[in-house]
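Colleague: With the sequence up front, the predicted model follows.
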Amino acid sequence: MRTLLLLLAGTALAPPPLAEACDCSGMTLARARDRASVAFIGTITKRQDSKTCTTPKQCERVHTYTVKVDGVYKGKVGKTVTVETRPDGKCGAFGDLRTLGKQWLFFSQTAEPYRLSVCNGTTVATKVRLAEANKQLGTAESP
């Protein structure tokens, strides 16, 4: 009985699973656009990894990507922009972003460098996803 109580107490004190902390259910492309300051289609052309530190013991990794902008759904976006992810955050980064030459549909609420998170709507620009984007967001304009 004592073992069961200790086990239950430990479970109650444990932090929620990562999946619960990053639940992005209900995120549509239209909702992502409405929440974002910019929404655009772009192709990853370069990646650079770095680390930013606020103190010697408080550092986080930063992945910075150069993106050639192919079309803009919302906001003023240049022909080439910088986006970044911080994989140490609770919602992680995008593994596929490392693939140079891959096209993505980006949404960001920040100024450049556009900071991305798992729940801001950023997604790989598959044919199906681009068709959805054109239907929900309209036609992308030239940068």
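Modeller: Everything's here; your move.

Colleague: unless I'm mixing things up, Cys53 is touching Val62, no?
Modeller: No - Cys53 lies out of contact with Val62 (Cβ atoms under 8 Å); the separation is 10.6 Å. C-beta here means a position set from N, CA and C on the backbone, and glycine is covered the same way.

Colleague: Among those two, which residue is more densely surrounded?
Modeller: A direct count of neighbours by other Cβ atoms under 10 Å for Cys53 and Val62 places Val62 higher, at 18 against 9.

Colleague: I'd guess that one is in a helix, am I close?
Modeller: No - the assignment for Val62 by DSSP: H, G, I helix; E, B strand; the rest coil gives strand, which leaves it out of any helix.

Colleague: Enumerate every residue touching the spatially closest residue to it that is not a sequence neighbour.
Modeller: In this structure, Val62 finds its nearest non-sequential neighbour in Ser50, 5.1 Å apart by Cβ to Cβ, 6 or more residues apart in numbering. Contacts for Ser50 (Cβ atoms under 8 Å, 6 or more residues apart in numbering) come out as Arg61, Val62, Thr64.

Colleague: Okay then, goodbye and thanks.
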